[in-house]
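> okay, predicted coordinates and the sequence, questions at the end:
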Amino acid sequence: MTENVTNNLLTEVKEYLRLRKELVETELTIKATQLISSLILAVISIIFITLSITFFVFSFVFYLRTYTGDIYAFIVGGAIYILLWILLYLLKKRIIINPIAKFINKIICI
């Protein structure tokens, strides 16, 4: 009788562990998929934003060069990029690090 109970208990524990392993694998797959798709979306968004900013700066430079000349207009365009970089560098924790940390924490803790 006790052998039968022990065998049933072992069978149930093995089944539980197998199901638990499948659950963990499924959760990891879901989280990895979310992370990878979000990273791809972020890269594509960064590319589009960079292209948009570039087109706006060049439009501004071409407009400005009628008033200041070619060299000064492109200097102003370069200065715009330098100012954007400085702003991004100064606000990197607020703009980049904290949102990434919150996003990863949200994905991991689902």
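Arrived safely, thanks for sending. Numbering: from 1, shown residues only.
> how far does the helix or strand hosting residue 100 sit from its chain's centre?
Secondary-structure element containing residue 100, defined by DSSP states H and E: helix 98-108. Helix 98-108 has its C-alpha centroid displaced from the chain centroid by 9 Å (Cα atoms, centre = their mean, to the nearest Å).
> which other residues reach stretch 44-57?
For stretch 44-57, the surrounding residues in contact (Cβ atoms under 8 Å, 6 or more residues apart in numbering) are 77, 80-81, 84. Glycine gets a C-beta too; all of them are placed from N, C-alpha and C.
> just the buried members of those?
Neighbour counting over those (16 or more other Cβ atoms under 10 Å) leaves residue 77 as the buried ones.
> quick revisit: in the helix holding residue 100, what counts as buried?
Result for helix 98-108 [16+ other Cβ under 10 Å]: no buried residues.
> relative to residue 100, how far out is the residue nearest to the spatial centre of the chain?
When the chain is reduced to its mean C-alpha position, the closest residue under Cα atoms, centre = their mean turns out to be residue 39, at 4.1 Å. When distances are taken as Cβ to Cβ, to the nearest Å, residue 39 and residue 100 turn out to be 10 Å apart.
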